[in-house]
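# have a look; sequence and predicted model below, questions after that.
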Amino acid sequence: MTAASVTARSVTPPDLTITPRDRKFVREERPARWWNGGNPVATALYNALSATFPEGEAFFVESVRRYRDGAPPKLAGEIKAFTTQEAIHSREHAVFNKAATATGYDLRPLEERVHWRLGLVKQRPPIASLAATMALEHFTAILAHELLRDPSHLAKAEPESAALWKWHAAEEIEHKGVAYDTWLFATRDWPPSKRWKVKAKVMLLVTRNFIIDRTLGSLELLRQDGITGPSAWARLVWFMWIRPGMMRKIFAAWAKYFLPNFHPWNEDDRHLIAGFDLSGDYGQASAKKVRGSRAG
Ligand SMILES: [Fe+2]
Ligand SMILES: [Fe+2]
């Protein structure tokens, strides 16, 4: 398969622009310990996610960027913008995690688990890292979609922290096709059946690990709050799966990944980003140079 025919398989909107917005959050207004609506459970889940981002997103950058050389120019440009966005996300979540640590949480057990998980993937060939990144990028894109679709998720959160999560969510939607298109390019010589099998298998593994690790991470933070035992489990399961039930709400979008003609841009949800841009919730300034980031 040629590079041109790979590009033709992608349904990424031709007029899509990926714009790194070099914003800074929670520098002056530090989050309270229970910044998410005064609710330890809601705070624990978001904090557990945030703990994964600095190392996790650096891993995404590394996994995708090694395919940039030789990629068609449009894809190469998107990879560049993707790596810049993810590098800024890593930087901002590192600051956010530091603020959470300042309120008394110890995120190290969560960070160590991410490090261990990624270490296992890195022992495999590079295409495994790309497949895992593609699966996790679908996860983040559908979580981001739900977060922006329903404002009640962050309605009670402190405004500065909510702004960080919405900004991150918007950029996750904007670059949701990049890892996928990189995969189409990297596996252009594979038969479609092999491509589907690897993609599906990796998604199932990633999903199992994501659910286990985020659940254990949230429970660890709740333990640090003195909330333990069946009560901690029940409250967390209720929050994740029942109400607001983010995991339940993303299930249909998650399952679409297994359709043979799946592509992240089969659903064009840029209206969710446009709304935020127009309301001025975050700036539009393009990041020409990102200082202090781990990649770019
Ligand atoms: Fe990100
Ligand atoms: Fe991403």
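Everything's here; your move. Ligands and ions are numbered 1, 2, ... in the order given.

# ok, the closest residue to ligand 1 within the stretch 51-200 of the chain - contacts?
Across the stretch 51-200 of the chain, the shortest distance to ligand 1 (Cβ to the ion) belongs to H89, at 3.5 Å. To be clear about C-beta, it is placed using only N, CA and C from the backbone, and glycine gets the same treatment. By Cβ atoms under 8 Å, 6 or more residues apart in numbering, H89 lies in contact with F53, E57, H168, E171.

# surely T19 is within a helix?
No. Following the definition DSSP: H, G, I helix; E, B strand; the rest coil, T19 is coil and is not counted among the residues of a helix.

# keep the contacts of H89, but drop any that are not near ligand 1.
Contacts with ligand 1 within the contacts of H89, as defined by Cβ under 5 Å from the ion: E57.

# so of the contacts of H89, which ones are in helices?
Within those, membership in helices is found for F53, E57, H168, E171, as judged by DSSP state H.

# just give me the neighbour total for the third one.
In terms of burial, H168 registers 26 neighbours under the definition other Cβ atoms under 10 Å.

# any weak-confidence spans in the stretch 51-200 of the chain?
Counting by pLDDT under 70, the stretch 51-200 of the chain shows no low-confidence range.

# what does it have sitting close to ligand 1?
By Cβ under 5 Å from the ion, the residues of the stretch 51-200 of the chain that approach ligand 1 are E57, E86, H89.

# switch to 6 Å and redo it
Near ligand 1, the residues belonging to the stretch 51-200 of the chain are E57, E86, H89, H168, E172 when assessed by Cβ under 6 Å from the ion.

# list the buried residues of stretch 49-68.
Across stretch 49-68, burial judged by 16 or more other Cβ atoms under 10 Å covers 49-65, 67-68.

# if you could redo that for stretch 89-105, that was the one I meant.
When burial is assessed from 16+ other Cβ under 10 Å, stretch 89-105 yields the following buried residues: H89, S90, R91, E92, H93, A94, V95, F96, N97, A99, A100, Y105.
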